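> here is a sequence with its predicted model. Questions after.
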Amino acid sequence: MKAHAAAAGLALIIVFFLAPAWGQGWAPTKNVEFIVGAGAGGGNDRTARAIQRIIQERKLVPATIVIMNKPGAGGGIGQNYLNQRAGDAHYLMITNPALITNYLTGLSALNHTDVTPVAQLYTEYVMLVVKADSPTRTGRDVIERLRKDPGALSIAVAPGAGAGTHIGAALVVKAAGIDPKALRIIPYATAGEALAALMGGHVDLMPSTALNVLPHLKAGRVRVLGVAAPRRLGGDYAGTPTWREQGADTVFGNWRGVVAARGIRNEQVAYWDETFRKLNDSEEWKAEVKSSGGESVYMGSRDTRKFLAQEFETLRRVLLDLGLGK
């Protein structure tokens, strides 16, 4: 009996001293890499650098955050890089619809099921832009002209056919009763290249997110004809009508989220889940989202997993309409 009592006492002592260590859970023990599947300066890159700055200023993680730009294949190179770090929670990636569309268009063999969902952060509604001196004055002008001839206007999309901007334009014309497969789409590798083509007069239209065109809008070099948002945006875009106001009932956003490598442990998912909840609650992040022309759509890991499954079906249907899906 005494032996049993002594053993029980020893077990309680061990539990007492180990409990604090167990309760602390996992935390990064080396540099954390934020992977951006594009070059510096784009929307995903800006998002990653804002996250890096706020997390480090607020000391939300006990490690240095390093941005790793892996441009190419519409984000596919970045996805492959993340996939090679299976089981390591020190690797995160900024995502947008390309996480899904790359798979659906055959650009990548990797799908949203090959990563660990962490968070959905915000969405940037897709807008249609023309050069300031364009004879096309309104969104209704675009719709009427494309109804007569769907190939009458050239449309620059990036990064490539099937990208979020392409989908945003396709949904507008489909809602207006126009066949999106008949559009004259000119694909570019980056938004910067597409914008340069627009400014140079090489294309007529460019679907884009707000922040990419804001400097040119302020300088009077472009006009925004419509935005695929549920309501008018504020700030510099307060005067831009929605597509719903112009006869095309559609809403589409180029969302931004965060995923981790596949195969990480539950406590690691929980750690990043909590970190991004704190980020989302910070005033600095709220200001960042507002300045981007975006709208917060925050979801934690579990809801992000559900969202990606739903988005897969939505994007699959759209890409089939475009003749690009599988």
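In hand now; what should we look at? Bear in mind the structure is a predicted one, so any value in this text is a computation, not a measurement.

> any idea how this protein splits into domains?
Listed domain ranges for the chain are 32-122+255-321, 127-251 (source: automatic domain parsing).

> now do the first one: distance to the chain's middle.
So the one you mean is domain 32-122+255-321. 7 Å (C-alpha atoms, centre = their mean, to the nearest Å).

> do the same with the shortest one
In this view, domain 127-251 has its centroid 19 Å away from the chain centroid, taken as C-alpha atoms, centre = their mean.

> re the thing from before, how about the domains of the chain in TSV, adding mean neighbour count?
Glycine gets a C-beta too; all of them are placed from N, C-alpha and C. Listed next are these as TSV, based on neighbours: other C-beta atoms under 10 Å:
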stretch	mean neighbour count
domain 32-122+255-321	19
domain 127-251	19
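
> can those domains go into CSV with extra columns for distance to Trp26 and mean pLDDT?
Shown next, in CSV, are the domains of the chain (distance: least, C-beta to C-beta, whole Å; pLDDT from 0 to 100):
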stretch, distance to Trp26, mean pLDDT
domain 32-122+255-321, 5, 94
domain 127-251, 33, 93
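
> distance to Gly25 for those domains - can I get that in CSV?
Below are those laid out as CSV (distance: least, C-beta to C-beta, whole Å):
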stretch, distance to Gly25
domain 32-122+255-321, 5
domain 127-251, 35
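
> show me the strands in the stretch 201-326 of the chain, by range?
All strands of the stretch 201-326 of the chain, identified by DSSP state E, counting those that start in this stretch, fall at 206-208, 222-227, 253-260, 295-299.

> which one, of those strands, ends up nearest to Arg317?
Closest to Arg317 of the strands of the stretch 201-326 of the chain is strand 253-260 (C-beta to C-beta; 16.6 Å).

> on that earlier part again, and the strands of the stretch 201-326 of the chain: which comes nearest Gly74?
Of the strands of the stretch 201-326 of the chain, nearest to Gly74 by C-beta to C-beta is strand 253-260, at 13.0 Å.

> may I have that closest one as CSV, with CA atoms only?
Extracted in CSV, the C-alpha atoms of strand 253-260 (Å, rounded to 0.1, in the frame of the first residue of the first chain):
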residue,chain,number,x,y,z
GLY,A,253,-14.3,39.9,-54.5
ASN,A,254,-10.7,38.9,-54.9
TRP,A,255,-10.4,37.6,-51.3
ARG,A,256,-7.2,37.3,-49.3
GLY,A,257,-6.5,34.6,-46.8
VAL,A,258,-3.7,32.7,-45.1
VAL,A,259,-2.9,29.0,-45.3
ALA,A,260,-0.2,26.8,-43.7
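
> next, the angle from that strand to strand 295-299.
30 degrees (axes from the mean of the first three to the mean of the last three C-alpha atoms, to 10 degrees).

> can you count the residues close to Ala27?
Neighbourhood size, Ala27 [other C-beta atoms under 10 Å]: 13.

> of all the strands of the stretch 201-326 of the chain, which lies closest to Gln268?
The nearest among these, by C-beta to C-beta, is strand 253-260 at 7.4 Å.

> walk me through which strands the closest one pairs with, and which way each runs.
Take DSSP bridges as the rule and strand 253-260 pairs in its sheet with strand 91-95 (antiparallel), strand 116-125 (antiparallel).

> can you list those strands in CSV and add distance to Ala156?
Compiled in CSV, those are given as follows (distance: least, C-beta to C-beta, whole Å):
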stretch, distance to Ala156
strand 91-95, 23
strand 116-125, 17
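
> if we can go back for a sec, for the strands of the stretch 201-326 of the chain, which one sits closest to Glu124?
Closest to Glu124 of the strands of the stretch 201-326 of the chain is strand 253-260 (C-beta to C-beta; 4.9 Å).

> in the stretch 151-300 of the chain, which spans are helices?
For the stretch 151-300 of the chain, the helices defined by DSSP state H, counting those that start in this stretch cover 164-175, 191-199, 210-218, 266-281, 283-291.

> please report the distance of Asp204 from Arg145.
Asp204 is 9 Å from Arg145, where distance means C-beta to C-beta, to the nearest Å.

> what's the overlap in contacts for the two?
Common contacts of Asp204 and Arg145, defined by C-beta atoms under 8 Å, 6 or more residues apart in numbering, comprise 136, 153.

> picking up where we left off before, now render the strands of the stretch 201-326 of the chain as TSV, adding distance to Thr275.
Below are the strands of the stretch 201-326 of the chain laid out as TSV (distance: least, C-beta to C-beta, whole Å):
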stretch	distance to Thr275
strand 206-208	30
strand 222-227	31
strand 253-260	10
strand 295-299	13
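
> nearest to Leu92, out of those?
Across those, Leu92 has its closest neighbour in strand 253-260 (5.4 Å, C-beta to C-beta).
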